[in-house]
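Participant: sequence first, predicted coordinates after that:
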Amino acid sequence: MIRAAALACLLPGLAAAQEYDTMDRAQCEALLKRADMVQMGAVIEAAVLAPEDGWCRYAGLRLKGPNGYMDYGLDRARLRIGGAERLEHGLPPLAVELEIEGAHFAYTGGLDAGMRWLMTEQMKADGGIGLVLRAHWDREAKALVLEEASADFPWDNGVRLSARVEGIDLTDRVSTERSAPFAGVTALELELVTHGLFESVFMLPIGPLLLEGAEEPEARVAELKQAARAVVAGLPEVLLDEASREAALALLEDLPHPVGRLLVQVAAEPGLGMAQAGPLALGAAATPEGLAAVLAGVSVAVDYAGDRAP
């Protein structure tokens, strides 16, 4: 399983103690009813629902999926939030911590009962998927800190994301709307451990976009990789240093079957957000000068430790 690294140096204030509400049964029940508000799907059943040490603890959760063929099953979950009263006013909480064990798909239609059961049990292999979300808003710094959003997949596969967004004021709805256009990501870290994860999770969503209309997919992939190499080779040293450039090229060489650990760290001063990328998002030509303006103050570090057997 993927490890969760400490990011105190990357995300200032990460280790600061956060204030969480002491959740009671009524709040735990209310949070279940709000699951569909965050696009998780309405809760169909929960075998266990109980507050424990200030957390909401759930077991045997089942959430309705986006179609009639598949729901989401969660063996165990626990959740706590800070600023629960804000939800009643349509505002996000000030802090949230969610830990899920045994996430899996539960097939409900389109197949006979035996096949549905077999495919559901197959998704529980190696304990299913573990999910973690930890985030808080730093009121004094006006910063949204994503401490960790991670997914641990079976057989040494996983993905983890951490980030810090400066200049966002979540005090109320008006403050949020006014500050959002000027907020920007100042730090981001993405870690991917793949031993089949790239092919099983990311390849099919990305591949059709890149291979649309290709009569010879392998030739198209070779062309895309060559174009990507040229882009990486042409990036300025201030954006991507030599060691990171070599790591990125090594990753490209292994695609579409990367194996090992990829770590990408992005630092941006004063920040990367709508104010910087706005012209491009509104349709401005992606000229070298325009891209340079967007990426001013941005640096990227890449480390790829491929562990493919020789």
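Facilitator: Great, that's in hand.

Participant: Asn67 belongs to a helix, doesn't it?
Facilitator: No - Asn67: not assigned to a helix; according to DSSP: H, G, I helix; E, B strand; the rest coil it is coil.

Participant: could you check how far it is from Leu188?
Facilitator: 33 Å (C-beta to C-beta, to the nearest Å). C-beta coordinates here come from the backbone N, C-alpha and C atoms, glycine included.

Participant: okay, now Glu99: neighbour count?
Facilitator: 15 (other C-beta atoms under 10 Å).

Participant: looking at Asn67 and Leu188, which is more packed in?
Facilitator: The residue with more neighbours, out of Asn67 and Leu188, is Leu188; 20 against 10, by other C-beta under 10 Å.

Participant: give the contact list for that one.
Facilitator: 161-164, 264-266 (C-beta atoms under 8 Å, 6 or more residues apart in numbering).

Participant: which one of these is nearest Leu204?
Facilitator: Leu161 (20.7 Å; C-beta to C-beta).

Participant: scan the protein for its longest helix.
Facilitator: In the chain, taking DSSP state H as the definition, the longest helix is helix 217-234.

Participant: so where is the stretch 51-200 of the chain shaky, pLDDT-wise?
Facilitator: By pLDDT under 70, the stretch 51-200 of the chain contains no weakly predicted segment.

Participant: quick one: the strands in it, in order.
Facilitator: 55-63, 70-82, 95-107, 129-138, 143-153, 157-166, 184-194 (DSSP state E, counting those that start in this stretch).

Participant: closest one to Ala228 among those strands?
Facilitator: strand 184-194 (16.9 Å).

Participant: show the subsequent helix or strand relative to the closest one.
Facilitator: Downstream of strand 184-194, the first helix or strand assigned by DSSP states H and E is helix 197.

Participant: that following helix packs against which elements?
Facilitator: strand 157-166 (3 or more C-beta pairs under 8 Å, 6 or more residues apart in numbering; DSSP states H and E).

Participant: for the strand it packs on, packing partners?
Facilitator: So strand 157-166, by 3+ C-beta pairs under 8 Å, 6+ apart, packs with strand 143-153, strand 184-194, helix 197, strand 260-273.

Participant: of all these, which one is nearest Ser175?
Facilitator: Nearest of the helices and strands packed on strand 157-166 (C-beta to C-beta): strand 143-153, 12.8 Å.

Participant: coming back round to it: now render the strands of the stretch 51-200 of the chain as CSV, adding distance to Ala214.
Facilitator: Output for the strands of the stretch 51-200 of the chain, formatted as CSV (distance: least, C-beta to C-beta, whole Å):
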stretch, distance to Ala214
strand 55-63, 37
strand 70-82, 30
strand 95-107, 30
strand 129-138, 32
strand 143-153, 29
strand 157-166, 27
strand 184-194, 24
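
Participant: any chance of the helices and strands packed on strand 157-166 in TSV, plus distance to Gly60?
Facilitator: Formatted as TSV, the helices and strands packed on strand 157-166 follow (distance: least, C-beta to C-beta, whole Å):
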stretch	distance to Gly60
strand 143-153	20
strand 184-194	29
helix 197	27
strand 260-273	34
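
Participant: which of these sits closest to Ala125?
Facilitator: Per C-beta to C-beta, nearest to Ala125 of the helices and strands packed on strand 157-166: strand 143-153, 9.8 Å.

Participant: can you give me the angle the closest one makes with strand 184-194?
Facilitator: With axes from the mean of the first three to the mean of the last three C-alpha atoms, to 10 degrees defining the directions, strand 143-153 sits at 10 degrees from strand 184-194.
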